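In: one predicted model, sequence on top.
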Amino acid sequence: MAEGSFSTDIQRILAAIKSSEASLFFFLPSQFLFIVEDRVQLFNVLGRIELKDVSESDYASVVNCLVNFTCLDVTQCMLNRSIILVALSYVDFNLSSCLPQILTLGVKASVWCGKHLKMSLLSTEESQEDEHSNVFYQLLVEILRFSASSFSTLLKFTDFDDKELMDIVEIFILEALNLTKDSISDAKKIQSFGSEILKVGHMVIDAVVKLCKVRSELVNWEDSDEKQLKLDKPTTVHHVINITKCAIEKLSQIGVLAANNGGNSVNILNVSWKGVVSLLQIGGGHFTEVNVASIVLTLLALIMEPLKCAAQAWSSSLNEAISVTEAKRIFVPVKFYLINAVKICSLYSLGLDGDVKVAITHKLHWFLDILVEEDVYSHILVLQFPLLYGSGKTAELVWQPMFTSLLQAFKTFMIVISSSTAWEELESFLLENFFHPHFLCWEIVMECWCFMLRHAETQVANNILSKLCSLLKLLASSDSVFLPYSSFRKLARSICMLLTYGAQSMVNKVYMSLVGDGRSQLSSIFCLALFMEGFPLDLLTKELRNTSIQRIMSDYFDFIDNFDEASLVSCSSGLFGVPVFILSALQSLTNTHEISESDDDAKSCAAWELYHLLLKERHWALIHLAITAFGNFAAGTRCNQLWRFVPQDAALSYDIASGMESSKETFMVEFGKFLKKEIALLTVAPSPEQLELLGREGLVLKQMVQKISVIAEESERCEIMEVDHKNQSNKKRKLPDGISKGVELLKSGLKIIGDGLSQWQLNHFDTTELHMKYLTQFSQLEDVITHFEELAGSGEVCSSSIQSIS
């Protein structure tokens with residue numbers, strides 16, 4: 001057929017279409033259906049005409065005819081479908097003059113179809129199977145296919161100086177992707193067309209990504225530096241940024257919909273998120289207009305959801321094995337989301353510093369709050385995490401403790417934000433939780449600090465330790481050094497832990513900053529706290545270590561040589577005996593390593609001799625110091641033969657009543673009582689009112705003892721006494737039961753007073769002068785009661801002595 005005949009046919013059909021369109025306004029409603037059916041037939045004929053020889057002006061006439069786009073019932077859906085089929089056949093002919101009209105038709109079709117889709121889904125399932133629904137869903141598929149073909153056609157147009165055309169393209173991309181998103185979202189509700197919609201939707205996404213890539217390749221990004229004001233950028237750059245930003249936002253939304261659809265939209269999931277990453281790579285990360293932080297947070301949310309579901313399911317069935325298939329079902333999508341998030345972060349590291357990384361850092365507080373819940377931390381400690389190693393047939397499921405995985409996640413996050421502004425937030429978080437009361441949270445925080453010290457630059461590590469040492473100096477006191485759970489001791493413990501990962505110069509610096517030459521009282525407190533908390537003595541330089549040990553030994557011998565009651569009175573109660581404690585703590589440090597414990601080992605023999613010397617001391621104050629020091633040593637050493645540290649004539653080995661017989665069994669019993677008492681003193685602190693009451697009770701006890709002392713003085717001259725004529729000559733009476741009970745009460749009261757005075761000594765509840773008066777009276781009281789106990793132990797007492805009490 002000649003070109004003229006083609007043109008004649010087209011003109012005749014177009015005339016008939018226009019005539020029928022005009023008739024719609026004059027015919028009765030009963031005739032409306034027939035007119036629409038005639039228009040459908042006309043468009044069907046138009047679609048069958050061979051177009052390759054048709055002139056461009058005829059093309060324009062056809063496209064102009066297609067712009068009218070309405071719908072009232074099933075016949076209108078049929079008409080619109082016939083129009084779209086004609087337009088679809090015209091798209092492939094690269095008609096630049098008709099392109100605006102074709103894209104305008106696509107915009108109108110997408111908007112109309114989106115509204116129709118919402119109305120159709122409001123219908124019941126039965127009505128979705130009727131003719132109207134079937135025609136509409138066919139039309140929906142054709143409109144999506146028309147959009148994909150239009151995007152492919154646009155790839156052929158490299159000249160986009162036409163501002164009007166660029167605006168239409170941007171609107172067309174927006175509306176086409178909106179319809180694609182809605183269609184994919186509701187695909188599972190459309191029973192017979194769902195798979196076809198997903199297939200065509202995949203084509204639309206793929207075509208949009210290709211179009212944005214091609215358009216971006218035509219832009220000179222060097223002339224459009226991101227530092228330029230937006231208004232200064234060329235129009236073509238604006239166009240590429242606009243269509244790409246729109247595509248990224250819509251593909252992200254489609255990707256979330258596909259993720260929430262389980263395994264039914266895997267292809268959509270892949271093409272959408274890969275498209276997002278691919279588009280973000282355009283221009284080398286120049287798209288600062290895109291909210292990249294929101295996209296990364298969306299991916300993180302997609303990661304958390306399956307992990308949360310898996311944790312709930314697997315924790316409820318701890319005894320059931322988890323198959324590789326089940327593990328893959330959870331972790332393959334998680335891996336996919338994580339890989340895409342990492343790719344995006346690598347492209348937009350600067351942009352993410354102030355958004356995603358800071359936002360995640362703020363969530364760490366929330367994480368610790370959740371972790372303290374009993375059900376949470378107990379599961380983290382008990383549960384193991386399944387991990388896939390290998391690939392394909394060699395893949396195997398291995399188990400890793402969840403706590404280990406948690407620590408690895410923290411460390412990975414620290415590496416990611418190490419060069420960002422979020423690092424300051426992380427430091428603040430770690431400092432604020434340095435004294436976290438929950439053991440697991442504290443372990444996590446300290447593990448992060450140790451990881452930081454292990455890998456940080458020397459200057460950074462020194463700054464951190466300098467801050468911690470300054471804080472330690474503010475917390476130091478003679479009271480807190482003897483309380484293991486005080487903030488001072490906990491901070492000292494943390495510093496010692498951190499130093500094990502530091503350089504030798506760092507250890508030397510901290511030691512000299514806190515302890516120095518050891519001549520001040522405060523330096524002695526620091527030395528004792530550090531040694532009791534495991535200071536890495538071996539990391540000191542040899543010269544500094546030897547000098548420190550020599551000074552500690554010298555201070556100890558000076559203390560022993562100069563010890564007397566006067567020194568006890570003059571010394572502050574909180575600092576009394578610190579040289580003994582330091583030496584004991586030092587011995588504990590040197591014995592935390594494996595030692596021979598044989599008679600030939602010089603280190604073992606030296607440790608035995610040291611404690612033999614300490615534990616032989618008989619004065620009550622030195623006994624207290626020695627036993628406390630030995631308790632600290634026993635808690636920290638790995639030695640199995642502790643009995644070798646106890647001499648045969650240790651002070652606590654002797655029988656309390658006779659003071660003559662000694663045995664190591666007696667020592668261990670008394671040692672156990674002492675440790676229990678020390679624990680009780682740390683957990684229950686008396687109030688000032690209780691101490692005042694204790695003082696008054698002590699005065700009453702003193703009056704009783706004064707009366708009892710009269711018995712002691714007369715005991716020497718009541719061996720034999722003559723009695724009166726009533727047959728009472730030279731007769732002794734057996735001690736009444738009341739006296740025996742009284743002696744037991746005296747002993748109990750004496751112990752209570754002694755415990756109270758010991759606690760008083762630790763906590764400074766009153767002046768030193770008053771405290772020493774109590775100590776003096778207590779010592780005298782102890783001697784009197786002991787003497788009276790020995791006397792009562794004989795079972796008899798002079799009758800005259802008994803009468804003198806009355």
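Out: Thanks, I have the structure now.
In: now do the phi/psi pair for the closest residue to I168 other than its chain neighbours.
Out: Counting by CB to CB, 6 or more residues apart in numbering, I168 lies nearest to L103, which is 4.8 Å off, once chain neighbours are set aside. For every residue, glycine as well, the C-beta is placed using N, CA and C. Dihedral pair for L103: phi -70, psi -30, per degrees, to the nearest 10.
In: what sits against L103?
Out: S150, I168, V169, F172 (CB atoms under 8 Å, 6 or more residues apart in numbering).
In: now do I380
Out: I380 touches L371, M402, F403, L406, L440, counting by CB under 8 Å, 6+ apart.
In: per-residue pLDDT, it?
Out: I380 carries a pLDDT value of 81.
In: quick one: contacts of stretch 297-316?
Out: 252, 256, 259, 273, 322, 330, 333-334, 337-338, 340-341, 344, 356, 359-360, 379, 383.
In: just the buried members of the residues you listed?
Out: 252, 256, 259, 273, 322, 330, 333-334, 337, 340-341, 344, 356, 359-360, 383 (16 or more other CB atoms under 10 Å).
In: now G516, what's its secondary structure?
Out: Under DSSP: H, G, I helix; E, B strand; the rest coil, G516 falls in the coil class.
In: which one of the contacts of L103 is nearest to Q138?
Out: Nearest to Q138 out of the contacts of L103 is S150 (CB to CB; 18.7 Å).
In: now that closest one: how far from Y90?
Out: 10 Å (CB to CB, to the nearest Å).
In: wait, is V398 part of a strand?
Out: Yes. According to three-state DSSP, V398 belongs to a strand.
In: where does the stretch 601-750 of the chain have low pLDDT?
Out: 603, 618-622, 624, 635-638, 654-665, 673-737 (pLDDT under 70).
In: mind jotting down where the helices sit in the stretch 251-400 of the chain?
Out: 266-280, 292-315, 324-347, 349-352, 358-371, 374-382 (DSSP state H, counting those that start in this stretch).
In: quick one: buried residues of stretch 264-284?
Out: 265, 268-269, 271-280, 282-283.
In: how far does that stretch sit from its chain's centre?
Out: Taking the mean of its C-alpha atoms, stretch 264-284 sits 30 Å from the chain's own mean (CA atoms, centre = their mean, to the nearest Å).
In: distance of the residue nearest to I168 from L154?
Out: Taking CB to CB, one finds L103 at 8 Å from L154.
In: which neighbours do the two share?
Out: In contact with both L103 and L154: V169, using CB under 8 Å, 6+ apart.
In: rewinding a little: which one of the helices of the stretch 251-400 of the chain is the most hemmed in?
Out: helix 266-280 (a mean of 21; mean count of other CB atoms under 10 Å).
In: per-residue confidence averaged over that one?
Out: Helix 266-280 shows a mean pLDDT of 92.
In: by contact count, what packs against that helix?
Out: helix 194-217, helix 235-259, helix 292-315, helix 324-347 (3 or more CB pairs under 8 Å, 6 or more residues apart in numbering; DSSP states H and E).
In: how about a cut-off of 6 Å?
Out: helix 194-217, helix 235-259, helix 324-347 (3 or more CB pairs under 6 Å, 6 or more residues apart in numbering; DSSP states H and E).
In: which residues are contacting the second one?
Out: To tie it back to what came earlier, the one meant is helix 235-259. Residues outside helix 235-259 that contact it (CB atoms under 6 Å, 6 or more residues apart in numbering) are 166, 170, 173-174, 177, 181, 184-185, 208, 212, 215-216, 219, 224, 265, 268-269, 272-273, 275-276, 279, 282, 289-290, 295, 302.
In: what residues are up against N267?
Out: H202.
In: same check, this time on the one 4 residues further on
Out: In this structure, V271 makes contact with H202, I205, D206, judged by CB under 6 Å, 6+ apart.
In: could you measure from the first one over to N267?
Out: Read it as H202. From H202 to N267 the distance is 6 Å (CB to CB).
In: same check, this time on the last one
Out: Applying CB to CB, the value for D206 to N267 is 10 Å.
In: S477 falls within a strand, correct?
Out: No. Looking at S477 with three-state DSSP, it is coil, so not inside a strand.
In: contacting residues around it?
Out: Per CB under 6 Å, 6+ apart, neighbours of S477: none.
In: closest to M452 out of the contacts of L103?
Out: Nearest to M452 among the contacts of L103, with distances taken as CB to CB, is V169, at 50.9 Å.
In: give me the number of residues near I525?
Out: 25 (other CB atoms under 10 Å).
In: can you check G390 too?
Out: 10.
In: burial of the nearest residue to it once chain neighbours are set aside, as a residue count?
Out: Spatial nearest neighbour of G390, excluding adjacent residues (CB to CB, 6+ apart): E396 at 5.8 Å. Counted by other CB under 10 Å, the residues lying close to E396 total 10.
In: beta partners for E396?
Out: Going by DSSP bridges, E396 is paired in beta bridges with Y389.
In: roughly how far apart are it and I339?
Out: 21 Å.
In: cool, S584 as well?
Out: S584 is 56 Å from I339, where distance means CB to CB.
In: same question, A651
Out: Separation of A651 from I339 (CB to CB) stands at 69 Å.
In: same question for E374.
Out: Taken as CB to CB, the span from E374 to I339 is 35 Å.
In: which SS class is K156?
Out: Taking three-state DSSP, the label given to K156 is coil.
In: how close does it get to T180?
Out: K156 is 22 Å from T180, by CB to CB.
In: more neighbours: which of these two?
Out: T180 (29 against 9).
In: can you tell me the element that one falls in?
Out: Using DSSP states H and E, T180 sits in helix 163-185.
In: that helix packs against which elements?
Out: helix 99-121, helix 194-217, helix 235-259.
In: apply 10 Å and report the result again.
Out: helix 99-121, helix 131-154, helix 194-217, helix 235-259, helix 266-280 (3 or more CB pairs under 10 Å, 6 or more residues apart in numbering; DSSP states H and E).
In: closest one of the contacts of L103 to V86?
Out: S150 (13.9 Å).
In: for V332, see how far away the closest one is.
Out: Taken as CB to CB, the span from S150 to V332 is 35 Å.
In: how would you label the spatially closest residue to E37 that is not a sequence neighbour: helix, strand or coil?
Out: Closest residue to E37 apart from its sequence neighbours, by CB to CB, 6+ apart: T75 at 6.5 Å. Assigned with three-state DSSP, T75 falls in the helix class.
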